[in-house]
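Asks: structural data only, the sequence is not supplied:
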């Protein structure tokens, strides 16, 4: 790519595939897109708001799925294996994206593309094969119905074992609203329904094979920086524990701090926590570690039991274990395995089944509804059967497959204990003790998810922080994690867990692209991305109310009844104040709508125009 | 003979070795241009890592297959002489270990040359799974 000051990091090409017409074309990655939005999530948000009409059916042909890499994806940079995938979510009817590791993103760049845009809808099942600047759309009738491991294995036999495969399982095919995509036998991404959208397009898989050089501005510097970082991280104090347990360390930490999700987020401590902890996993199940592309601090806990191999991490075990009252790690591992095979998000699944169990406990649903299953907390077998019913939409599974939002519509009483923000299920941090984390969930741009801000760690470390400071710190964290890391195409865990300095990424970006970006420039891009996504939500909903930025009722109304933080709950007045401060610091009005002035300052005049075109007036 | 030894139990599939190799030999970022190749294989009830890298065997199958005497053994290291190589690819087909690769636009096949005794892949491996065995 020889556009002025952009000398590397990008291949300069975007692949656009139309499944309805079975045609593809190759476009240039525009300089404006790079300069203003950098990559990854930034690309996705901008392309979605520019290219789709408001209020389209997420499962219709007008929705677009975009796989986007960042400028550092695939380069010799710590944790550069990330690819972001996004679309309009069928679960929230708003913006959704998810990042996944492995080596799909790097391979896409080796094949010559910064991003892939998938449009239209195929009549029959197909998959896409991308290799070195070309693309083919191939019939996939024989693959339709296969589970993810089988699908990936068949495609690798067909196209060579070095290719990267991202596919959907039966959950995506059946358009379960929280179906995801699976890559590299268990790397999952796109929890608010990317898998369902691919299923609606009858797109089973994307296979990528590449052997082209990725252009880099200053490779020597990048390599010497990488060597230095690998050595630094390897000699870090927590390296040893991390390699052995990865994110599973967090189970006991959350339990100690009363923020583990237990019995549909009713409690923060779990009697069986030790039984599902990282220690137990390490001793009885784990037999090797694996990492993503270019990762010096691998965290994939590969576990083996019976004839199954599965990868465990904190979120999955907390949601399918503690949240359902199940303390048998073996059975949790089996449920995780099933979920990965079916291509359904373990977080939402644990949340939805937890809600169903609570409905059953409160007698709002009975054995008649569940097809004879006694859906009690702690019953691993019942939970397992529920997974199958959801994936194949049998019986009550058909409703549960629609996600928490639709369940509440059917059972309005469930509103009090449905754990969601913007109809996306809360992930594995219970927030009775953490109002800042509740705000992080409620303001996350994809609905309740922790990837934008793992604020709870800061909150627990600094219990006396003023609310002003809290909100400022939260925005700072969202901008870095959800703004910078989601756009540059690297994993954030080296920064989060190992304290790798942010200057490393800034210097790497400079060495990779030749662009002279400072921390301030990156923060501006992050702000810009956040504002575009907020505008997208407002455009899709046609309006906005601050109620949409509220966490689940349970955190306000039902204090913890056990543990060291017994009695803790979120104070509604404090939350209100925090939310208003949040809006103020973001430059949004009291209802959470970005002000024209804010957007102008961020050079988003085209987005103002876009909203105006669809009769949405923004406040001054 | 000197060679690279990969402990596939310790390997985490981060591909850093491939990055280091393609940098050292081709000054590029390209997994395809690496003399060491790591692949994760999913079995029925196991995950395994397959590591392919030249064993510098003696006598080498590749050298025997070469009609142009372009492959020689020097100090135990199997080397391709660029000036003699025609890029026919017979050596790649002859290697029973799948340790040589033919890449489009590159005449000479990609193969490990042990970085003259100081291999980059060994130095970068974060888990210590790659060892240099000198004899």
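Replies: Cool, got the structure. Predicted model only: the values in this text are computed from it and were never measured. Numbers count the residues shown, from 1 in each chain, chains lettered A, B, ... in the order given.
Asks: what about the residue in the stretch 101-250 of chain A positioned nearest to chain B, which SS state?
Replies: In the stretch 101-250 of chain A, the residue that lies nearest chain B is residue A:211 (3.6 Å; C-beta to the nearest C-beta). The C-beta positions use only the backbone N, C-alpha and C, and glycine is treated the same way. Using DSSP: H, G, I helix; E, B strand; the rest coil, the structure places residue A:211 in coil.
Asks: and it, how many residues sit next to it?
Replies: 20 (other C-beta atoms under 10 Å in any protein chain shown).
Asks: what sits against it?
Replies: Contacts for residue A:211 (C-beta atoms under 8 Å, 6 or more residues apart in numbering or on different chains) come out as A:110, A:132, B:30-33, B:103-104.
Asks: packing partners for the longest helix seen in chain B?
Replies: As assigned by DSSP state H, the longest helix anywhere in chain B is helix B:16-26. With contacts defined as 3 or more C-beta pairs under 8 Å, 6 or more residues apart in numbering or on different chains; DSSP states H and E, helix B:16-26 has these neighbours: helix A:219-234, strand B:37-42, helix B:120-124.
Asks: now do it against helix A:219-234, angle only.
Replies: Angle of helix B:16-26 versus helix A:219-234, following axes from the mean of the first three to the mean of the last three C-alpha atoms, to 10 degrees, is 150 degrees.
Asks: of the contacts of residue A:211, buried ones?
Replies: Neighbour-count burial (16 or more other C-beta atoms under 10 Å in any protein chain shown) is assigned, among these, to A:110, B:30-33.
Asks: of these, which belong to strands?
Replies: Per DSSP state E, strands hold no members of the buried ones among the contacts of residue A:211.
Asks: pLDDT added to the residues you listed, as CSV?
Replies: Formatted as CSV, the buried ones among the contacts of residue A:211 follow (pLDDT from 0 to 100):
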residue, pLDDT
A:110, 97
B:30, 95
B:31, 92
B:32, 93
B:33, 95
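Asks: now these as TSV including distance to residue A:30?
Replies: Below are the buried ones among the contacts of residue A:211 laid out as TSV (distance: C-beta to C-beta, whole Å):
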residue	distance to residue A:30
A:110	22
B:30	25
B:31	28
B:32	28
B:33	30
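Asks: what's the closest of those residues to residue A:519?
Replies: residue A:110 (29.7 Å; C-beta to C-beta).
Asks: what's the separation between that closest one and residue B:28?
Replies: 11 Å (C-beta to C-beta, to the nearest Å).
Asks: likewise for residue A:377?
Replies: Residue A:377 is 55 Å from residue B:28, by C-beta to C-beta.
Asks: same deal with residue A:408?
Replies: Distance, residue A:408 to residue B:28, using C-beta to C-beta: 54 Å.
Asks: same deal with residue A:232?
Replies: 25 Å.
Asks: could you do residue A:18 as well?
Replies: 33 Å.
Asks: residue B:103 too?
Replies: From residue B:103 to residue B:28 the distance is 11 Å (C-beta to C-beta).
Asks: repeat that for residue B:81.
Replies: Applying C-beta to C-beta to residue B:81 and residue B:28 gives a distance of 22 Å.
Asks: kindly report the same for residue A:149.
Replies: 33 Å.
Asks: more crowded one of the two?
Replies: residue A:149 (19 against 16).
Asks: near chain B, which residues of the stretch 151-300 of chain A show up?
Replies: Contacts of the stretch 151-300 of chain A with chain B, taken as C-beta under 8 Å from any C-beta of the partner chain, map to A:152-153, A:161-162, A:184-185, A:210-214, A:216, A:219, A:223, A:226-227, A:230, A:233-234, A:243, A:288-298, A:300.
Asks: could you rerun that using 7 Å?
Replies: Neighbours of chain B within the stretch 151-300 of chain A, by C-beta under 7 Å from any C-beta of the partner chain: A:153, A:161-162, A:185, A:211, A:213-214, A:216, A:219, A:223, A:227, A:230, A:234, A:288-291, A:293-296, A:298.
Asks: so how do I select the buried members of those in ChimeraX?
Replies: Buried subset of these, written as a ChimeraX selection, criterion 16+ other C-beta under 10 Å:
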select /A:153,162,185,211,213,214,216,219,223,227,230,234,288,289,290,291,293,294,295,296,298
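Asks: what residues does the strand or helix carrying residue A:330 touch?
Replies: Assigned by DSSP states H and E, residue A:330 falls within helix A:329-342. Helix A:329-342 is contacted from outside by A:147-149, A:169-171, A:182, A:186, A:188, A:275-276, A:280-281, A:285, A:303, A:305, A:308, A:310, A:312, A:316-317, A:320-321, A:326, A:346, A:349, A:380, A:383-384, A:387, A:391, using C-beta atoms under 7 Å, 6 or more residues apart in numbering or on different chains.
Asks: one more pass at 8 Å, please.
Replies: For helix A:329-342, contacts defined as C-beta under 8 Å, 6+ apart pick out A:147-149, A:169-171, A:182, A:185-186, A:188, A:275-276, A:280-281, A:284-285, A:303, A:305, A:308-312, A:316-317, A:320-321, A:326, A:345-346, A:349, A:380, A:383-384, A:387-388, A:391.
Asks: of those residues, buried ones?
Replies: Applying 16+ other C-beta under 10 Å to these, the neighbour count classes A:147-149, A:169-171, A:182, A:185-186, A:188, A:275-276, A:280-281, A:285, A:303, A:305, A:308-312, A:316-317, A:320-321, A:326, A:345-346, A:349, A:380, A:383-384, A:387, A:391 as buried.
Asks: for residue A:373, give its distance to residue A:388.
Replies: In this view, residue A:373 and residue A:388 are 11 Å apart by C-beta to C-beta.
Asks: residues contacting residue 103?
Replies: Picking chain A for this. Here residue A:103 is in contact with A:81, A:164, A:184, A:292-293, B:15 (C-beta under 8 Å, 6+ apart).
Asks: nope, chain B
Replies: A:211, B:32-33, B:109-110.
Asks: what is the nearest of these to residue A:603?
Replies: Distances from residue A:603 to the contacts of residue B:103, taken by C-beta to C-beta, are shortest for residue A:211, at 37.8 Å.
Asks: and the closest one, how far from residue A:105?
Replies: 16 Å.
Asks: where exactly do the strands run in chain B?
Replies: Along chain B, counting by DSSP E, strands occupy B:3-6, B:37-42, B:47-52, B:71-74, B:77-80, B:130-133.
Asks: just put those in TSV and tack on mean neighbour count and mean pLDDT.
Replies: Formatted as TSV, the strands of chain B follow (neighbours: other C-beta atoms under 10 Å in any protein chain shown; pLDDT from 0 to 100):
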stretch	mean neighbour count	mean pLDDT
strand B:3-6	19	96
strand B:37-42	19	94
strand B:47-52	18	94
strand B:71-74	16	95
strand B:77-80	20	95
strand B:130-133	16	96
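Asks: any chance of these in CSV, with distance to residue A:593 too?
Replies: Putting the strands of chain B into CSV (distance: least, C-beta to C-beta, whole Å) gives the following:
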stretch, distance to residue A:593
strand B:3-6, 56
strand B:37-42, 47
strand B:47-52, 49
strand B:71-74, 69
strand B:77-80, 65
strand B:130-133, 55
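Asks: much appreciated, bye for now.
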